[in-house]
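sequence first, then the predicted structure, then my questions.
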Amino acid sequence: MTPAETVHGRFGPYGGRYVPETLIPALEELEKAWAEARVDRGFLDAVVTDLRDFGGRPTPLMLAERLTAKFGGAEVWLKREDLLHTGAHKLNNTVGQVRLALRMGKSRIIAETGAGQHGVATAATCARFGLPCEVFMGAEDVRRQSPNVQRMRLFGATIRAVETGSRTLKDAMNEAIRAWVTHVRDTFYVIGSVAGPHPYPTLVRELQRVIGEEARAQCLQRFDALPDAVVACVGGGSNALGVFTAFLPDTAVRLVAVEAGGEGLATGKHGASLSAGRFGVLHGSASSVLQTDDGQVAEAHSVSAGLDYPGVGPELAYLRDVGRLDVRTATDDEALEAFQECCALEGILPALETSHALARARDVARELGTGKRVLVNLSGRGDKDLGHALAEIARRRPGATT
Amino acid sequence: MTPAETVHGRFGPYGGRYVPETLIPALEELEKAWAEARVDRGFLDAVVTDLRDFGGRPTPLMLAERLTAKFGGAEVWLKREDLLHTGAHKLNNTVGQVRLALRMGKSRIIAETGAGQHGVATAATCARFGLPCEVFMGAEDVRRQSPNVQRMRLFGATIRAVETGSRTLKDAMNEAIRAWVTHVRDTFYVIGSVAGPHPYPTLVRELQRVIGEEARAQCLQRFDALPDAVVACVGGGSNALGVFTAFLPDTAVRLVAVEAGGEGLATGKHGASLSAGRFGVLHGSASSVLQTDDGQVAEAHSVSAGLDYPGVGPELAYLRDVGRLDVRTATDDEALEAFQECCALEGILPALETSHALARARDVARELGTGKRVLVNLSGRGDKDLGHALAEIARRRPGATT
Amino acid sequence: MNRLERLFADSRGTGRKALVVYVCAGDPDLAATERLVPQLAEAGADVVELGVPFSDPLADGPTIQAAAQRALQSGTTLSAVLAMVRQLRQGGCSVPLVLFGYMNPIVRMGLAPFVTQAAEAGADGVLVADLPLEESHTLGELAQASGLSLVLLAAPTTPPGRLRAIGQATRGFLYFVSVTGVTGTRAELPADLPAKLREARAASSAPVAVGFGVSTPEQARALAAHADAVVVGSALVEALHRGGRDASEGLSLVRSLAAAVHAAR
Amino acid sequence: MNRLERLFADSRGTGRKALVVYVCAGDPDLAATERLVPQLAEAGADVVELGVPFSDPLADGPTIQAAAQRALQSGTTLSAVLAMVRQLRQGGCSVPLVLFGYMNPIVRMGLAPFVTQAAEAGADGVLVADLPLEESHTLGELAQASGLSLVLLAAPTTPPGRLRAIGQATRGFLYFVSVTGVTGTRAELPADLPAKLREARAASSAPVAVGFGVSTPEQARALAAHADAVVVGSALVEALHRGGRDASEGLSLVRSLAAAVHAAR
Ligand SMILES: Cc1ncc(COP(=O)(O)O)c(C=O)c1O
Ligand SMILES: Cc1ncc(COP(=O)(O)O)c(C=O)c1O
């Protein structure tokens, strides 16, 4: 439990368990199983070994010398979750949850996915453990992210293209919950971010906090100090909480959460649930939600499928309220520029999601100034984004200034 | 120097320096610079740090439990070079060579590439160090491997599509050598495998041997013994020598080199230079070369662009001759099957090159039997192969038996 | 005592079983729903559940999802549904009305304003698909204070102790979900459903309505023997949608369902 | 003393400069080459380099690559080139002939068989583009024993000490590569080329031929002043290819080159 979790399953007014009654016993079973597993040495050791051998942990901490020089301010350090197996931080979570599913005797895994990274991580993990896996993905995302669909299929997963609503992540999650309601007894639902009903926000945070714990120790070892700021992009919030959690008690460390500014907050086409959302209930928990005045959930917009989500993890909404987060946004244009900059200057192809964090890291580095250090969570690699990002870049070229 | 290097730059009758006179002084300069660098603590430390922070070393050693069970013989252990930055072992080499280029004051990098993995690794490394980079790639490969072309461009590299010959790797290397001849004074040529004129075969082996050194130590630490066999695929031979070198003195460890059997050795459409090549000179060194009776270099064939090469590193030819290698081949069909098997059973998407090693690892595991252990060098990930491999699999489906 | 509570209080004595029907408010538009509700009552529905459309109806199957989509497209909002309820009451319609929806629109309006307005408009009950027992206290208390019944749901997965707690906390009736799954018609209902309903009735002092999956008069008749009420949703939504602006097919379904349910003891 | 050595021995006394021309044997086919060689000699070429086509000519630019490709397509092999040389000699052609190729076809034939057959056929010299000094000893000795000259190359990048070693080891002549680059015509040649050639001549007792990039009579005349011979390759290959089966354009280029070279002192 972090300091943020004020009451069991609640983070201030956020969190909770807003789901059909059918799922409540399953959530209680999960909560109980996790409470037992998280103090079971054998279980924890198995997860640590998986993350090491299958996942590639620890991931490095790298000084980005040329970005630092370009920004002209604080040193920029990158936590390289892009090197994790399947290409993003998502695997930290899926390994823990699938191990938990095995421990609980579940015979079948389901998951939702947006960009496909969580789906790929879940499918890969299920392949390794021999569990059948079904991934729900918006039909629009199936179209946009075809390499990830191919990877999931090769890993043996069944893809369920979701044709309802905006046919993106939000709808995939609705459909996954419906499937879970229907097969709740034998099925384990692997949620991909710190969202969903309790205990998921806590469970996923606990599985992802390894990022920040490693990074914190690496900082101390490398420069004998904590970073002055930590920057992460926020979709559901799992990579952000993953890296922030270890630094929560270090109040001198600024925690910068960067949301999808899309075409700009003023246009309404964005995914900035912390910046522009209002109190609401989505996918099983109370949080800050993009919605109409009438309480319909809004369609998010972002150039990156992984940030294209109108909700956000409840703990992040709470940390925002209590002033622990510095919440910012980066627009599609800014993310695409940072994407190219990181490629050209550091030889690292970041995910479009991650590029949002890089875009704001520039400002943070300048605000902090030289002699300071900013840690950026490089949450994933951009191989999946190549086609899409290049098309978006080309589309902007006539009027581009960079 | 390994035991195999009998005379400076020669491995038995193989090796040497068969290049236009124009290049000889540059090769001597390179040899001298490397001789100095390899005993310079500062240089070596910088490379080690790069490989750790930028590359992600050490890479894990993983027990492949489900492949082991499926094969029903020796335990299968995977050395996870697929987790290295940019997705293959190639980065071990490019980091060392580009650092060497900087040390030598070279202002420009060129490289050849087949599948694009070496090109991507070189381009990424050059981006990180701020050196301009030109990559020569057969026009046919440019077409086949477009994601890697996009990655190289994002890393700032210029792609030179080579329209001569079979428009694949062999021709890309010809053209890179021509470009080097033309700009030899300021240009560093980063060769991507243990091929080319002396000192490249030695230099690249020394930069890649970290794979086997890590793996050997990991084996001793994990199961307190050496593996009974080590299996690697062979294109030019850099991942194979990279993993084999540390085990060369361990004569009880069987070293299995797996070449591209293509459509079968009998058809002549393959890339099996060790199995079916004859003594010859290609790209600056004497080795075992696929060629016509008249001494024209044959066009290789393989479903994997990275093994689609009619030559092989001279040291491997020598190790074959002295009986230290167990040389085998895997056909396109077998590689595609192993590719799918590794995805489905281990949740790891291997490169098509690597899949050749996996295909023969099955036999080796069975020959060794239970209680023994086989180490497979998982040289790269197959993200780059998705489209091509799935098309090849689909094309085979009507008559497929798996 | 609101109309809903009165209905069940009355039937408790007689053993008469009630038919609860679900329609999605605003499908195809609110004017149509306003015309429809009195006709449903006339055709034999004892209670009408008015679905409040929501963008993300995660407890609903394709039929009701599509209906909600149509309702949203016609501009239906929670406030507009409440205004329609007021109109219905002003027009003399006296069938017990239960608002059936999801939490977010209620949260957006504010729990207290929602309850006040719903009660003033003339609604009798509220049922929230994603509001389980643990999260229901605030809304439940506000509802109670305004004379609205907050109807809770129990499911086949609900263990006995929890079933009792839900049975105590629910108001108006206990909605027993027949299947593990989302709304939608089912060819067959679980074999152990009668036993489950027996447990539910034993666990609750409130009347028990059974719903999800019921589509034919035969199913309704069989279930009515084991419950106080039977709920039919998707089958009716489908029939009404097939008819377009002509409700006759839907109404004749209601008539046959009512006959079946009312015949049961 | 073979024809090549005799030529340079003769001209050493007179100061006469020699024109060396390169053609790709087998482009478009060997019969054409066999007809061509005597005509080249007649047009004023003092030495003919016969390119032996190779699949991977990494020292050649696009012109000679394409010529080699055409020659391979017409079925040209090393053995066939040697057979053609034998025919030329039997036909009375006496121009010095140097085989210009790459190492692999020679290795494939075997160094000793190659040297024996080349000498027997009537070749005078051998030049291997990818055989630098260090790798040249075995072939050099075999050639020496058979009376063939193994011609070595020096380049602008070759440092002084090494230039001397190459100058000592080469036979027939020293081939000085004018540019750092592959074969092919150049609009301009390096400004320091005369100085480089002075160094080369000082470093070697063998005559020095300069080649790579020379295409016009003007370039040839200017260079001839600083060397013992001038080599023209790509420009001639191009002219011959343009003419198809009609060699007249190529031959008139040779005539004007010969006039220029022979006029120089
Ligand atoms: C690389 C990467 N970063 C970030 C995200 C956003 O998710 P979260 O906010 O849970 O980290 C995703 C989701 O797909 C992702 O793939
Ligand atoms: C993943 C991978 N493995 C192996 C190879 C073959 O090269 P080498 O034999 O030098 O390891 C390549 C070449 O592209 C490759 O990408």
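All right, it came through fine. Residues are numbered from 1 along each chain as shown, chains lettered A, B, ... in the order given. Ligands and ions are numbered 1, 2, ... in the order given.

quick one, what contacts C:A45?
C:L19, C:V20, C:V21, C:V95, C:V254, C:A258 (C-beta atoms under 8 Å, 6 or more residues apart in numbering or on different chains). Using the backbone N, CA and C atoms, a C-beta is placed for each residue, glycine as well.

nearest to C:V107 among these?
C:V20 (25.4 Å; C-beta to C-beta).

helix, strand, or coil at that closest one?
strand (DSSP: H, G, I helix; E, B strand; the rest coil).

quick one: residues contacting the residue of the stretch 151-300 of chain A found nearest chain B.
Nearest residue of the stretch 151-300 of chain A to chain B, counting by C-beta to the nearest C-beta: A:L154, 4.0 Å away. Listed by C-beta under 8 Å, 6+ apart, the contact partners of A:L154 are B:Q340, B:C343, B:A344, B:L349, B:L386, B:L390.

between those, which is closest to ligand 1?
Minimum distance to ligand 1 across those is 16.6 Å, recorded for B:L349 (C-beta to the nearest ligand atom).

distance of the closest residue in space to the closest one that isn't next to it in sequence relative to ligand 1?
Nearest residue to B:L349, sequence neighbours excluded (C-beta to C-beta, 6 or more residues apart in numbering or on different chains): B:G382, at 4.4 Å. From B:G382 over to ligand 1 the distance is 19 Å, taken as C-beta to the nearest ligand atom, to the nearest Å.

what does C:P53 give?
For C:P53 relative to ligand 1 (C-beta to the nearest ligand atom), the value is 29 Å.

for that residue, give me its contacts.
So C:P53 contacts C:C24, C:A25, C:G26, C:D27, C:A67, C:A68, C:Q69, C:A71, C:L72, C:T76, C:G101 (C-beta under 8 Å, 6+ apart).

tell me the centre residue of chain A?
The centroid of chain A falls nearest to A:S238 when counting by C-alpha atoms, centre = their mean (3.8 Å).

looks like it contacts A:R205 (just checking).
Yes: when contacts are counted by C-beta atoms under 8 Å, A:S238 is listed as touching A:R205 (7.4 Å).

shared neighbours, the two?
Counting by C-beta under 8 Å, 6+ apart, the shared contacts of A:S238 and A:R205 are A:V194, A:G313.

can you tell me the SS state at C:V231?
Per three-state DSSP, C:V231 ends up strand.

which residue packs closest to it, ignoring adjacent ones?
In space, C:V231 is closest to C:G211, 2.9 Å off (C-beta to C-beta, 6+ apart).

and that neighbour, how far from C:A229?
9 Å (C-beta to C-beta, to the nearest Å).

what residues do the two have in common as contacts?
Common neighbours of C:G211 and C:A229 (C-beta under 8 Å, 6+ apart) are C:V20.

residues touching the residue nearest to A:G268 when sequence neighbours are not counted, list them.
Once flanking residues are discounted, A:G268 sits nearest to A:A298: 7.7 Å by C-beta to C-beta, 6+ apart. Going by C-beta under 8 Å, 6+ apart, A:A298 touches A:G268, A:L290, A:Q291, A:T292, A:P310.

same question, C:T158
C:T158 touches A:E21, A:T22, A:I24, A:P25, C:I166, counting by C-beta under 8 Å, 6+ apart.

for A:I159, same thing?
A:G119, A:E134, A:V135, A:M137, A:V142, A:V149, A:M152, A:R153 are the contacts of A:I159 under C-beta under 8 Å, 6+ apart.

just A:S238 next, same as before
So A:S238 contacts A:H89, A:K90, A:N93, A:G192, A:S193, A:V194, A:V204, A:R205, A:Q208, A:G313 (C-beta under 8 Å, 6+ apart).

can I get the residues you listed in a markdown table including neighbour count?
Output for the contacts of A:S238, formatted as a markdown table (neighbours: other C-beta atoms under 10 Å in any protein chain shown):
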| residue | neighbour count |
| --- | --- |
| A:H89 | 31 |
| A:K90 | 33 |
| A:N93 | 29 |
| A:G192 | 31 |
| A:S193 | 31 |
| A:V194 | 32 |
| A:V204 | 29 |
| A:R205 | 27 |
| A:Q208 | 26 |
| A:G313 | 32 |
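
using a markdown table, lay out those together with distance to ligand 1.
As requested, the contacts of A:S238 are exported to a markdown table (distance: C-beta to the nearest ligand atom, whole Å):
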| residue | distance to ligand 1 |
| --- | --- |
| A:H89 | 6 |
| A:K90 | 6 |
| A:N93 | 9 |
| A:G192 | 7 |
| A:S193 | 3 |
| A:V194 | 6 |
| A:V204 | 8 |
| A:R205 | 10 |
| A:Q208 | 8 |
| A:G313 | 7 |
